[in-house]
Structures are given as structure tokens and as C-alpha cells.
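A.B. asks: need a 3D model of the sequence below.
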Amino acid sequence: MLKKSDSIIDVIYSHLSGMTQTDEKIAQLILDNPKTIVDYTISELADKAEVSAASVSRFCKNLQLAGFHQLKIEIARVSENKASYYKNFAIDSIQKALSNIADNKKAEVTRTLSSIETREIKLILKLLNNCRILQVAAEGNTYPVAADAIYRFNQIGRLAIGAESWQTAIGQTLNLGKKDVLLIISNSGESKTLLKQISIAQKNNMKIIAITNRSDSPIALKADFHIQTAVRQRVLQSEYYFSRVAAMTAVEALFLLLIADDDQRVELIRKHELLISDSKI
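C.D. replies: Predicted coordinates for the structure are as follows:
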């Protein structure tokens with residue numbers, strides 16, 4: 001079931017990559033104009049999406065909704081919120097395209113931060129403050145986010161490690177234990193290699209923090225703590241959804257909250273910047 005803080009738009013976006021073609025037709029219709037869907041009957045939505053009414057019911061069930069009525073209620077909750085809409089853009093108007101991209105990214109940042117629960121984030125910060133070593137793991141297009149996290153956390157005195165090579169990363173995990181923490185960053189939350197790494201970490205009694213797009217993803221469910229990111233950017237039209245901005249936002253939020261918790265960490269950043277300053281022109 002959806003939490004009060006969940007947006008049905010975020011839920012649909014997070015499930016898109018694994019949807020059937022039929023579910024994706026319904027999803028696209030909703031995402032294109034949530035406000036219109038509020039007034040549809042189940043038959044009208046089915047006709048517009050060119051699917052059956054039974055398919056609409058299955059779509060609702062796949063999103064863990066009680067039925068079409070709950071879908072309409074959830075859409076009504078967010079239909080007036082401009083952050084719920086994806087803004088298309090074309091290269092023929094560069095400034096308009098840039099403006100729409102900016103709005104999409106603002107929506108990702110806003111929804112990612114607003115969905116973080118206070119109790120959860122306090123426990124995560126406590127873990128990060130007290131762990132001996134923080135290992136950050138990601139793969140493929142998401143690894144740059146992990147590399148950024150490793151850099152940031154080391155700057156403020158939190159020993160962080162990681163490796164782009166999964167084989168090396170697994171070797172690191174084998175040498176860690178109950179005083180250490182594994183931070184997993186995965187958009188889909190379905191990576192087999194990262195799931196295997198989690199299993200090894202759990203055998204070593206490590207705590208797991210996950211940052212993913214879905215709260216019901218395999219990685220999120222295996223983690224001790226989870227931060228859900230929101231996505232609004234479309235790549236390759238409707239076939240693939242990916243954005244590093246939301247994951248970067250979650251990492252930066254943790255980084256800034258750790259600094260706010262201990263202002264001496266600002267001095268650590270200054271010290272680090274001073275040491276590397278002679279490498280700049």
C-alpha cells in the first residue's frame with residue numbers, strides 16, 4: 001500500500017522500466033496529463049489507452065492499489081501540483097527546452113527530499129557518524145554517483161571506499177565487518193551483482209543503506225534503511241528512464257546534514273581543499 005508521503009506519479013515512474021506494454025500504455029496516458037484522468041471512468045481510461053477495463057484493474061493491482069477508485073484518489077492528490085508533470089522539450093526552441101529540463105530536474109530534487117522520513121534519516125546519519133568504514137557501491141551509469149559520495153564523505157572525515165570494478169568491490173566487502181556500513185546506490189534496485197554484495201555484507205554483520213527509485217525493489221527490501229529517489233527525466237523517449245540528479249541529491253543531502261551535525265567538518269573540507277589547491281592553475 002502507498003504511504004501518505006508517496007506520490008502516485010513517483011510510483012508510476014519508478015515502476016516504468018519493468019512494466020508490460022499494456023501497463024506502460026496506461027502509465028503514459030496518466031503521466032501525460034494527470035489532471036484529465038481524474039474525471040475518467042475506468043472504461044474511458046481503457047478506451048483512451050486502447051486496452052481493456054480488466055487491464056486497467058490489473059495496472060492498479062500491480063501498483064499495490066485497492067482498485068481504480070484509489071488510483072483516481074491518488075491522482076487527484078497530485079494533479080494540481082506542477083511537479084507531477086513531465087515537461088516535454090524539443091531542440092527547435094533551446095531556451096524553452098532548457099526551461100523544461102530545469103523544471104523536470106527541480107521536480108526530481110523536490111520529490112526526493114520531501115519523501116525522506118525524519119526517523120529514517122536520523123538513524124542513517126547515526127550509522128554514518130559511527131561506522132568505521134563506509135563502503136559505497138554502484139554499477140554502470142550510476143557509479144559516478146558512488147564516486148562522488150566517496151569523495152565527499154572522505155572530505156568530512158568519514159573513511160569511505162569503493163571500486164568501479166565489481167570484483168574489487170566484492171573483495172573489499174569480504175574484509176569489512178559489523179563496524180562498517182555498505183551504501184548501495186541503484187536506480188532500479190534490481191542489480192544481481194549488488195544483491196550478491198549485500199548478501200556478503202549481511203553475512204559480515206554490516207548494516208545496509210540503499211538509495212533506489214523503488215521502495216519495493218529487491219535491494220530496498222534487503223536494506224536496513226532506504227532512501228527513495230524520484231525521477232522525471234525521459235531518455236530514449238518512453239523506453240528508458242534514468243537520472244543521476246535524484247541519487248546525487250540524496251547523497252548531497254546526507255553530506256550536508258553530516259556537516260550541519262558537526263561544524264568542525266567544515267574545517268576538514270578547508271584543510272583538504274588547501275592540500276589540493278597547488279594542483280590548480
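A.B. asks: got the contact list for residue 29?
C.D. replies: 37, 45, 48-49 (Cβ atoms under 8 Å, 6 or more residues apart in numbering). For the C-beta atoms, the positions are set from N, CA and C on the backbone; glycine is no exception.
A.B. asks: domain map for this structure?
C.D. replies: Using automatic domain parsing, the domain parsing of the chain gives 8-83, 110-279.
A.B. asks: in CSV, list the ones you listed along with distance to residue 93.
C.D. replies: Listed next are these as CSV, based on distance: least, Cβ to Cβ, whole Å:
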stretch, distance to residue 93
domain 8-83, 19
domain 110-279, 17
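A.B. asks: now find how far off-centre stretch 194-214 is within its chain.
C.D. replies: Offset of stretch 194-214 from its chain centre (Cα atoms, centre = their mean, to the nearest Å): 16 Å.
A.B. asks: report pLDDT for the residue lying closest to residue 147 once chain neighbours are set aside.
C.D. replies: Closest residue to residue 147 apart from its sequence neighbours, by Cβ to Cβ, 6 or more residues apart in numbering: residue 162 at 7.1 Å. Residue-level confidence at residue 162 comes out at 98, pLDDT.
A.B. asks: cool, the one 10 residues further on as well?
C.D. replies: What the model reports as pLDDT for residue 172 is 98.
A.B. asks: what helix or strand does it sit in?
C.D. replies: Using DSSP states H and E, residue 172 falls within helix 166-174.
A.B. asks: mind listing the strands whatever helix or strand comes next after that helix pairs with, and their directions?
C.D. replies: On the C-terminal side of helix 166-174, the closest following helix or strand by DSSP H and E is strand 181-185. Its sheet considered, strand 181-185 pairs with strand 134-137 (parallel), strand 207-212 (parallel) by DSSP bridges.
A.B. asks: let's see the shortest one as CSV, backbone CA atoms only.
C.D. replies: Written as CSV, here are the backbone C-alpha positions of strand 134-137 (Å, rounded to 0.1, in the frame of the first residue of the first chain):
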residue,chain,number,x,y,z
LEU,A,134,31.7,3.3,4.7
GLN,A,135,31.7,1.3,1.5
VAL,A,136,29.8,2.8,-1.4
ALA,A,137,28.7,0.5,-4.2
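A.B. asks: show me the contact partners of that strand.
C.D. replies: With Cβ under 8 Å, 6+ apart, strand 134-137 has contacts from 128, 146, 149-150, 153, 158-162, 169, 172-173, 176, 180-185, 194, 197, 201.
A.B. asks: ok, for the residue nearest the centre of the chain, nearest residue in space, not its chain neighbours?
C.D. replies: For the chain, the residue nearest the mean C-alpha position is residue 229 (2.4 Å; Cα atoms, centre = their mean). Excluding its sequence neighbours, the residue lying closest to residue 229 (Cβ to Cβ, 6+ apart) is residue 246, at 3.6 Å.
A.B. asks: quickly find the element holding that neighbour.
C.D. replies: Using DSSP H and E, residue 246 falls in helix 245-261.
A.B. asks: buried residues, that helix. List them.
C.D. replies: For helix 245-261, the buried set under the neighbour-count rule, 16 or more other Cβ atoms under 10 Å, comprises 245-251, 253-255, 258-259.
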